[in-house]
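Engineer: Task: produce atomic coordinates for the following.
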Amino acid sequence: MDLSFGFEDVPVLFERSSAEATFPQFQYSPDNIQGPGCAVEPSEVTLPGCSCPFWSCSSESCSCLQTHGKAYSETGKLVNLGSSDSDYSSPVFECNVLCGCSDACCNRVVQRGLRLRLEVFSAGTKGWGVRTLEAIPRGTFVCEYAGEVIGFQEARRRQLAQKSVDSNYIIAVREHTSCGSIAETFVDPAAVGNVGRFLNHSCQPNLLMQPVRVHSLVPRLALFAGRDISVEEELTFDYSGGYNNPPPGHERSSSGDAALLVSGTDSFQRKECHCGAKDCVKFLPLDLSVLS
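Structural biologist: Below you'll find the model as predicted:
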């Protein structure tokens, strides 16, 4: 069974089980869509393109790479994975439809969509999860966390309407710019989303999230392999946006932080984490900023 219904170039498989009756109902979309409070259509082309006449761009001649830097290797792997949580992650801008290079350009990765064989499966106490059916090298783009891009007030309204027992998928990404301002993006894949909505949290994740801009200033929340990942290994990311998981009280200084809004309005008790990591902090990340 292909959960993407053909919207992805590679089928998203589903392991049939006795829990199939509880499988959530949602509309599959491989890309972000505009939701309430989002002023810009995510697919609208608002960024300039390069005039490179070659099939693939180079830093010597490409205005995109000269302006934003080189994010990918020649084999399409994310270059700046960061060695620790204190490292700043450089912003990623891909070539877009206005660029003169080909679709095979090394600066076009996330926009090509899903290229790996993934499977959604029943993950016990964690609910549903995603595992890979093939080995994934470090730095490889895995999938997006796609859904409705909504505004702050809509994210707040949806959060307040939830009960503590309800599943919540809204992720808040805050990017700290060089001029000191903070750009916020809220993505909710509950009703409209892709395979990323099934990814579980882990205190020792194998994926890291990187905002990537392609055609628009609205970022795509791309997930990359932070290390080599084995066949049939569950894919996870840190809902708080970290990767190497700093100790309690440590302030991360990355240029992009993410947080999944996990609490309901009738109780702000922390939800238990079932990731099973050796250094598990026992509770899922909790972000109350949208409710303030």
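
Engineer: Any regions of the stretch 151-292 of the chain where pLDDT drops low?
Structural biologist: For the stretch 151-292 of the chain, residues meeting the criterion pLDDT under 70 lie at 244-256, 261-269, 291-292.

Engineer: For it, which segments are assigned as strands?
Structural biologist: In the stretch 151-292 of the chain, the segments counted as strands under DSSP state E, counting those that start in this stretch are 171-176, 182-193, 200-201, 207-213, 220-225, 236-237, 256-260.

Engineer: where along the stretch 1-150 of the chain do the helices fall?
Structural biologist: Assigned by DSSP state H, counting those that start in this stretch, the helices in the stretch 1-150 of the chain fall at 63-68.

Engineer: Which parts of it are strands?
Structural biologist: Going by DSSP E, counting those that start in this stretch, the stretch 1-150 of the chain shows strands at 13-14, 27-28, 33-34, 92-93, 118-122, 128-132, 141-144, 147-150.

Engineer: Show me the contact partners of the last one.
Structural biologist: Contacting residues not belonging to strand 147-150 are listed as 29, 32-38, 42, 158, 169-170, 185-194, 197, 218 [CB atoms under 8 Å, 6 or more residues apart in numbering]. For the C-beta atoms, the positions are set from N, CA and C on the backbone; glycine is no exception.

Engineer: follow-up on the earlier one: export the strands of the stretch 1-150 of the chain to CSV and tack on distance to residue 228, mean neighbour count and mean pLDDT?
Structural biologist: As requested, the strands of the stretch 1-150 of the chain are exported to CSV (distance: least, CB to CB, whole Å; neighbours: other CB atoms under 10 Å; pLDDT from 0 to 100):
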stretch, distance to residue 228, mean neighbour count, mean pLDDT
strand 13-14, 22, 18, 94
strand 27-28, 29, 16, 98
strand 33-34, 33, 17, 97
strand 92-93, 21, 22, 96
strand 118-122, 16, 20, 95
strand 128-132, 11, 20, 96
strand 141-144, 12, 24, 98
strand 147-150, 28, 25, 98
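
Engineer: Identify whichever of the strands of the stretch 151-292 of the chain lies nearest to residue 2.
Structural biologist: Nearest of the strands of the stretch 151-292 of the chain to residue 2, taken as CB to CB: strand 182-193 at 15.5 Å.

Engineer: Could you pull out the buried residues of that closest one?
Structural biologist: Neighbour counts using 16 or more other CB atoms under 10 Å place 185-190, 192-193 of strand 182-193 among the buried residues.

Engineer: Could you do stretch 274-292 as well?
Structural biologist: Quick answer for stretch 274-292 (16+ other CB under 10 Å): 274-275, 284-287, 290.

Engineer: And these, which is closest to residue 128?
Structural biologist: Once CB to CB is applied, the member of the buried residues of stretch 274-292 that ends up nearest residue 128 is residue 274, at 12.7 Å.

Engineer: where's the closest one relative to residue 202, distance?
Structural biologist: Separation of residue 274 from residue 202 (CB to CB, to the nearest Å) stands at 10 Å.

Engineer: With residue 214 instead?
Structural biologist: Per CB to CB, residue 214 is found 27 Å from residue 202.

Engineer: again with residue 70
Structural biologist: 29 Å.

Engineer: my read: residue 126 touches residue 200, true?
Structural biologist: Yes. Taking CB atoms under 8 Å as the definition, residue 126 is a contact partner of residue 200 at 4.9 Å.

Engineer: Need the pLDDT of the closest residue to residue 103 other than its chain neighbours.
Structural biologist: Spatial nearest neighbour of residue 103, excluding adjacent residues (CB to CB, 6 or more residues apart in numbering): residue 112 at 7.6 Å. For residue 112, the pLDDT comes out at 97.

Engineer: what number of residues lie near residue 112?
Structural biologist: When neighbours are counted by other CB atoms under 10 Å, residue 112 registers 13.

Engineer: Look up how far residue 212 lies from it.
Structural biologist: Using CB to CB, residue 112 is found at 12 Å from residue 212.

Engineer: got it, and residue 51?
Structural biologist: Residue 51 is 22 Å from residue 212, by CB to CB.

Engineer: Neighbour count: residue 70 and residue 202, which is higher?
Structural biologist: Using other CB under 10 Å, the more surrounded residue of residue 70 and residue 202 is residue 202, with 22 against 19.

Engineer: so what's that one up against?
Structural biologist: 236-238, 275, 277.

Engineer: Report the two of the residues you listed separated the most.
Structural biologist: Pairwise distances across the contacts of residue 202 (CB to CB) peak at 12.6 Å, for the pair 237 and 277.
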